[in-house]
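Undergrad: sharing a model that was predicted from the sequence below.
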Amino acid sequence: MSPGLRRYIIVRTLLTIPMVLILVSLVFIVLRVMPGDPALAIMREGASEEQLAAFRAALGMDRPLHIQYFDFISGVLRFDFGESMVRPIPVTQEIKTFFPATVELAIFSMMVTTGVGIFSGAYAAKNRKRGSDYAIRVLSIILYSLPIFWLGLMLQMTIGAGLGWLPVSGRLSPGMTPDRVITGLYTIDAILTLNLDLLVDALKHLILPSITLGLVLAGFFTRLTRATMLDVLEQDFITAGRARGLHERVLVYKHGLRNAFIPIVTLLGLQFALLLAGAILTETTFSWPGMGRLVVDRIYDRDFTTVQGTILFFALLVAGVSLIVDILYGFLDPRIRY
């Protein structure tokens, strides 16, 4: 590793620390200035003042705000987000339970986004100003403009309910359970335990939500890839390759796409972080038991600590993935240095 790259990684890591502190502070402040009393929401109407006071004391909500803040920061440093208000379990345990489902959905959605978006964008750039280019550009705009819940409902009605080819909700069919939970990702666990039936069932349940989320994102990456590829294909090394007689497909998909990949990888990483932060509409539409559903359900339950801990987890996750993407950017582009 060169000194310049090492310095770049150190600087980016140090810059992430105040960003994380700001995010944590914003989560703490916003959730406390919101209208409503969490104690009253949980205890419901009719609770006595003594019961409400005892509930607030148990949660530490009766302490001065600066004491609550330092307790909150201390808990974050220990990865302790408190205990759920409606269930006597730690918030971190709920995150561990629901997060693998979101990870699995995000991975398969990004596979759809990458396969459709990047290669269709490269193909459109290769066939610039032809009929296929115009068709791909129009289709990408339509896909990116579609409401996710509407596309999900259409796929459920046609492919799921209408044709009966695929399940329309959940992660597994009734009665189907993993032999052993290792990673929480059912497809990976099925491979590790050599359970072919579980693998097939898990993949069937993943297809519709992954296509729904992946296609909408693919519309954006199609246009991004096309624009980046057009810039790369006009550079001198592409012209030199054509002069040497290299096949156009080799120039576009091997040399051109690789050089256009830096901004694409950056946005793919950030988009993946946002997917992990909860594809709420997709998970709600397909009754997918992930982090998005967890947040929605806990908001309805007025579970203040779980909502706070989950949002904080999202913020830390996005910050962490952003740091990884920045470091990867430094490896991909040697010009990026401090």
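TA: Perfect, I can see it now.

Undergrad: CA only for contacts and neighbour counts going forward, please
TA: Fine.

Undergrad: following the helix or strand hosting Asp231, which helix or strand shows up next?
TA: In the assignment (DSSP states H and E), Asp231 maps to helix 196-233. As assigned by DSSP H and E, the chain's next helix or strand after helix 196-233 is helix 236-243.

Undergrad: number of nearby residues for Leu163?
TA: Using other C-alpha atoms under 10 Å, Leu163 has 10 neighbouring residues.

Undergrad: let me know the pLDDT of it.
TA: For Leu163, the pLDDT comes out at 85.

Undergrad: list phi and psi for it.
TA: Dihedral pair for Leu163: phi -90, psi -20, per degrees, to the nearest 10.

Undergrad: what's the mean pLDDT across stretch 224-237?
TA: What stretch 224-237 shows for mean pLDDT is 78.

Undergrad: so for that stretch, what gets flagged as buried?
TA: Leu224, Thr225, Arg226, Ala227, Thr228, Met229, Leu230, Val232, Leu233 (16 or more other C-alpha atoms under 10 Å).

Undergrad: with adjacent residues omitted, what lies nearest to the fifth one?
TA: This means Thr228. What sits nearest to Thr228 in space, not counting adjacent residues and going by C-alpha to C-alpha, 6 or more residues apart in numbering, is Ala260, at 5.7 Å.

Undergrad: before we move on, what about the second one?
TA: With sequence-adjacent residues excluded and distances taken as C-alpha to C-alpha, 6+ apart, Thr225 is closest to Gly121, at 4.9 Å.

Undergrad: what do you get for the last one?
TA: Nearest residue to Leu233 in three dimensions, chain neighbours excluded: Gly256, at 6.2 Å (C-alpha to C-alpha, 6+ apart).

Undergrad: does Glu283 touch Val296 like I think?
TA: No. Counting by C-alpha atoms under 8 Å, Glu283 sits too far from Val296 to count as a contact (10.0 Å).

Undergrad: what touches both of those two?
TA: With contacts taken as C-alpha atoms under 8 Å, 6 or more residues apart in numbering, Glu283 and Val296 have no neighbour in common.

Undergrad: settle it for me: which of these two has more neighbours?
TA: Between Glu283 and Val296, Glu283 has the larger neighbour count (other C-alpha under 10 Å), namely 26 against 16.

Undergrad: tell me the spacing between the more buried one and Phe81.
TA: Using C-alpha to C-alpha, to the nearest Å, Glu283 is found at 23 Å from Phe81.

Undergrad: and for Phe286?
TA: From Phe286 to Phe81 the distance is 28 Å (C-alpha to C-alpha).

Undergrad: also Val232?
TA: Taking C-alpha to C-alpha, one finds Val232 at 47 Å from Phe81.

Undergrad: pop the domain breakdown of this structure in here.
TA: 1-86+301-338, 97-291 (automatic domain parsing).

Undergrad: which of those is buried the deepest?
TA: Across those, averaging neighbours per residue (mean count of other C-alpha atoms under 10 Å) puts domain 97-291 on top, at a mean of 18.

Undergrad: wait, the residue nearest to Thr225 touches Arg226, no?
TA: Yes. Checked against C-alpha under 8 Å, the pair Gly121 and Arg226 is within contact range at 4.4 Å.

Undergrad: elements contacting the helix or strand hosting Ser132?
TA: Assigned by DSSP H and E, Ser132 belongs to helix 131-145. If you count contacts as 3 or more C-alpha pairs under 8 Å, 6 or more residues apart in numbering; DSSP states H and E, helix 131-145 packs onto helix 119-126, helix 196-233.

Undergrad: of the ones you listed, which is nearest Val325?
TA: helix 196-233 (16.8 Å; C-alpha to C-alpha).

Undergrad: taking helix 236-243 as reference, get the angle to that closest one.
TA: Using axes from the mean of the first three to the mean of the last three C-alpha atoms, to 10 degrees, the inter-axis angle of helix 196-233 relative to helix 236-243 is 90 degrees.
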